[in-house]
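1. I would like the atomic coordinates for the input below:
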Amino acid sequence: GPGHGIQTTSGRLVIPCWHTTAFQRHLRKSSHVFYSDDHGKTWQLGGNLDGTNECELVELSDGSLYMTARNSSPAPEGPGPNPIYPGVIKRLYAVSNDFGLTWSTPTEVDELPDPVCQASIVQYATGMNGDIVPILFSNPASTNRDSLSITVSYDDCRTWPVSQILDEGPSGYSELVVLQD
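-> Below is the predicted model of the structure:
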């Protein structure tokens, strides 16, 4: 965690996670998933997405998985585990075409500034008959932990054209959930 898991259209349960490992006197952070194809009776470990942490995911219209992750890739400076982050950080994303076994190279999302903070992503509704399915993303959309915003994609997370600030004040970890009403 933090965050939530999903159930794909195939029925697979997918839980996004992150972990750290010691590497040459520094901590290396990676995101990964656990998945279950038997309704949670047994679990398998998916592939790593190095340089990231605090992740969440959605299933895209083609059945692939889209992971959004906190950017932890800036290299540490000097001894110890504390990285020095540049002034502007952007969200990272990766896609899995094999249900989380492997991931594409993490890529920055230009439209999603991020102050190195956990965020949330959720599919708003299940599309029917080719309907557009909005995907909602929430985070403090700034270089500081403020301006809690929701941003919307209408094209499977390729672009994020609509953003609304919910609160301009201090903000941090957010979690999205779609209720029945």
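
2. And the residue sitting nearest the centre point of the chain, how far from Asp181?
-> By CA atoms, centre = their mean, the mean C-alpha position of the chain lies nearest to Thr68, the distance being 2.2 Å. Distance of Thr68 to Asp181, given as CB to CB, to the nearest Å: 26 Å. Any C-beta I mention is one placed from the backbone N, CA and C, and that applies to glycine too.

3. What of Asp62?
-> Taking CB to CB, one finds Asp62 at 29 Å from Asp181.

4. Looking at those two, which one has more neighbours?
-> Per other CB atoms under 10 Å, whichever of Asp62 and Asp181 has more neighbours is Asp62, with 8 against 3.

5. Pull the residues that contact the helix or strand hosting Leu136.
-> Secondary-structure element containing Leu136, defined by DSSP states H and E: strand 135-140. Contacts of strand 135-140 with the rest of the structure, by CB atoms under 8 Å, 6 or more residues apart in numbering, involve 58, 66, 68, 91, 112, 114-115, 117-124, 146-153, 156-157, 160, 166, 171-172, 174-176.

6. Now a PyMOL select for only the buried ones of these.
-> A single PyMOL command selects the buried members of the contacts of strand 135-140 (16 or more other CB atoms under 10 Å):
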select buried, resi 58+66+68+91+112+114+115+117+118+119+120+121+122+123+124+146+147+148+149+150+151+153+156+157+160+171+174+176
